[in-house]
Structure formats: structure tokens, C-alpha cells
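K.L.:
All I have is the shape, not the residue letters:
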């Protein structure tokens, strides 16, 4: 390998290492939270950051004969293949979790199979070269099975794109999350590096993608309620403007308010009141899934925006929400029961403003609340 090519590889991977360290330090607050989303981000960052170290090592020792160099080259290149495969799978899982949706069983099985086969082939490759080989001069050579990893990574990337689009269409909602900031840099890196062996672009491009991903997630926090993780009232204002531009402008709006919330605060304290709000938010999230968005409107009031257009479909979600509270109250260990009042309306956003929608469902919610209290004196 000539000095210019080696210098370009070292430069790209050095910048990748610096970018990985910067991301790690700048997002150190994330590492203290053990939710799945942050764990996946850490895992992807470690995979790609270490790859920016192993790749230049493999290139530096290329051509140096000796058993130790051959073993080291095999280990470095095996890590690179494994890291790219696992990072692609982690990205798919991240997308599903971030959008608040479970991955259907068939895609899960496909991802598991792709990863398992890929790792098995790499293990076999350590003894019988099928993916790549290191010749007697300690030089790397691709073998036909190399293209399995290329196809597997494309399947997972484009599969995640299809899944993302499906969720967006199904929920008919805006997301302050730009899918292409992650996928596009990686696609460019994979295509260029595959066509021009001797370049090292995939890992640095993955880190660029992770930088864009973390930036968009940070932007989303502006629209998130810190206590519940639901969207906030500012998001509702933005959503109202977006829905007015939608040709399919019929949506279902629900307002939910916790009954006897003041008594929970008075009897058990405000920390327990916060827990009641969080539990209510979790019930809402589970009930609506990816078919809409949950918003903490104010205090103990919540708004749900659904893509349903018929009363029958809306009633199904209302039933699921009430079922969620029934199951919560049936569980042992709670100091109190949670009951809510609801107001709902199917509206055409081309004919009504978001403020008018809120007034309508607020009145309907208070009618339901009066019925609740009248039954309980």
C-alpha cells in the first residue's frame, strides 16, 4: 500500500476516533441512564469507535510477514465485520424503540438469523477462509461470502427505513427526528469503500451518522415532557400546524384528566402525585402504541392524537385505555386507584383550529367528569 493511501486511511480513522471521544464526552449524561435507547447508542458508539482503531492497525501491519501479524490481522478484520453487522442490527432495534413500537416477530427473526449466520461465518473464517483471507504476505483479500455482509447490512438499513415509513404513515404524525441523518452517510461510506478497496470510510461515516442521530434526539427533547417522556404542549402547537397541511386531515383527539388527583397529592404527597402522572402516561403509551401520539397537556391533563377516522376505531382505543386503568387498579401494591375522565372528538383539521379542538374535547371531558363524580356523590 502506498504512503498516500495509508495516510488517507490513518487520517480518516484518526478523525473517527476524535469524533467518537467527543460524542462520548458530550453525551456523558446519557451513560448514566440505563434505558434501552441509551444502551443501544452506547453500544453502537463503542462498536464503531473501536473499529476506527482496528482498521488502521490492520492496514499498518499489512505486508508484514510473521505469525503474530497474521493473527492480529485476522482479529482486526473479524472485529470490523462483526461490528458493522451488530451496529446495523442495533440501529433497527433503536428505530423501533425510539418510535415506541415493537418489532413484529418476522423482522426480529430475520435480524437474528442475519446476525447469527454472519457471526458463525466469521468464526469459521478463522479456520477456513470463506469471508476473507490473509495471504502468505499478510495481505487481506475479499472472498465471495464478503457480499453476504454487504447484503445483510443493506437489508437491515432499508428494512429500518421501511419500518420507519410504515410507523409514520400509520400514526400520521410529525417527528422531530430525521431518519436520513443516520442512513445516508453510512450508505455513502459503504458504497465508496466497497468500490474502492484501500479506503477506510464506513466506520468514520457511521460516527458522522451517530453525530447527526444524537443531535436530532437532543432537538427532540425540546418537545418532550421531562417527567413522563410524552410530548409537551409546544409539540401540540407544532402538530396542529402540521396536520392542517395534511390532505388526510381527519383525526381523533382525546383529552384525559385524572380524577381525584388533588386528593392523591393531599394524602400521599407530591412525589406520589408525580408517580400517578407517570403511571397514567405509561398506560396511555401502551394503549395507543404507534397509532398516535400522547401529549402531557398540563398538570394531570393529557391529550391523545389518533389517526382513526371512525367512531368504531376510536372506541377501540378508548376501551384499551380504560382497560389499562382497570388492570392497574387490579394490581396489588398501589396506595390508590387511578380513574380518568375522557372527552373525544373526530375533527377535520382543515375546518377547525387546534384551540377550537382543545375547547371542544375539554368540555366533553368535563361532562364525563361530572358523570363520574355524580355516581360517587
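P.N.:
Received, thanks. Predicted model, so just to flag it, every value in this text is computed and none were measured.
K.L.:
which residues does residue 135 contact?
P.N.:
Taking Cβ atoms under 8 Å, 6 or more residues apart in numbering, we find residue 135 in contact with residue 141. The C-beta positions use only the backbone N, C-alpha and C, and glycine is treated the same way.
K.L.:
Could you measure from it over to residue 76?
P.N.:
The span separating residue 135 from residue 76 equals 16 Å under the rule Cβ to Cβ, to the nearest Å.
K.L.:
Please apply the same query to residue 36.
P.N.:
Remark: distance between residue 36 and residue 76 (Cβ to Cβ) = 30 Å.
K.L.:
So, low pLDDT: which residues of this structure?
P.N.:
The chain contains residues with pLDDT under 70 at 1-6, 30-31, 33, 100-101, 168-179, 197-199, 246-248, 377.
K.L.:
where do the helices sit along the stretch 51-200 of the chain?
P.N.:
With DSSP state H, counting those that start in this stretch, the ranges of helices along the stretch 51-200 of the chain come out as 67-98, 105-125, 146-171, 180-195.
K.L.:
Between residue 36 and residue 76, tell me which one has more neighbours.
P.N.:
Applying other Cβ atoms under 10 Å to residue 36 and residue 76 shows that residue 76 carries more neighbours, namely 21 against 12.
K.L.:
Give me the buried positions along stretch 116-124.
P.N.:
When neighbours are counted by 16 or more other Cβ atoms under 10 Å, the buried residues of stretch 116-124 are found to be 118, 121-122.
K.L.:
right, and residue 353 touches residue 240 too?
P.N.:
Yes - applying Cβ atoms under 8 Å, one finds residue 353 in contact with residue 240, separated by 7.3 Å.
K.L.:
Compare these two (neighbour count), which wins?
P.N.:
In terms of neighbours (other Cβ under 10 Å), residue 240 is the more surrounded of residue 353 and residue 240; the figures are 18 against 12.
K.L.:
Tell me the buried residues in stretch 265-272?
P.N.:
Neighbour-count burial for stretch 265-272 flags residue 265 (criterion: 16+ other Cβ under 10 Å).
K.L.:
And stretch 224-239, by the same measure?
P.N.:
Residues 224-225, 228, 230-232, 235-236, 239 are the ones in stretch 224-239 that count as buried (16+ other Cβ under 10 Å).
K.L.:
Please apply the same query to stretch 327-346.
P.N.:
Taking 16+ other Cβ under 10 Å as the neighbour-count basis, stretch 327-346 is seen to contain the buried residues 328, 338-345.
K.L.:
center of the chain - which residue?
P.N.:
Most central in the chain under Cα atoms, centre = their mean is residue 98, positioned 2.7 Å from the mean C-alpha point.
K.L.:
Verify the stated contact: that one with residue 37.
P.N.:
Yes - with the criterion set as Cβ under 8 Å, residue 98 and residue 37 qualify as a contacting pair; they are 6.1 Å apart.
K.L.:
before we move on, back to that, pipe the buried residues of stretch 224-239 into CSV and attach distance to residue 216 per row.
P.N.:
What follows is the buried residues of stretch 224-239, written out as CSV (distance: Cβ to Cβ, whole Å):
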residue, distance to residue 216
224, 13
225, 18
228, 21
230, 18
231, 15
232, 17
235, 15
236, 20
239, 17
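K.L.:
All good on my end, thank you.
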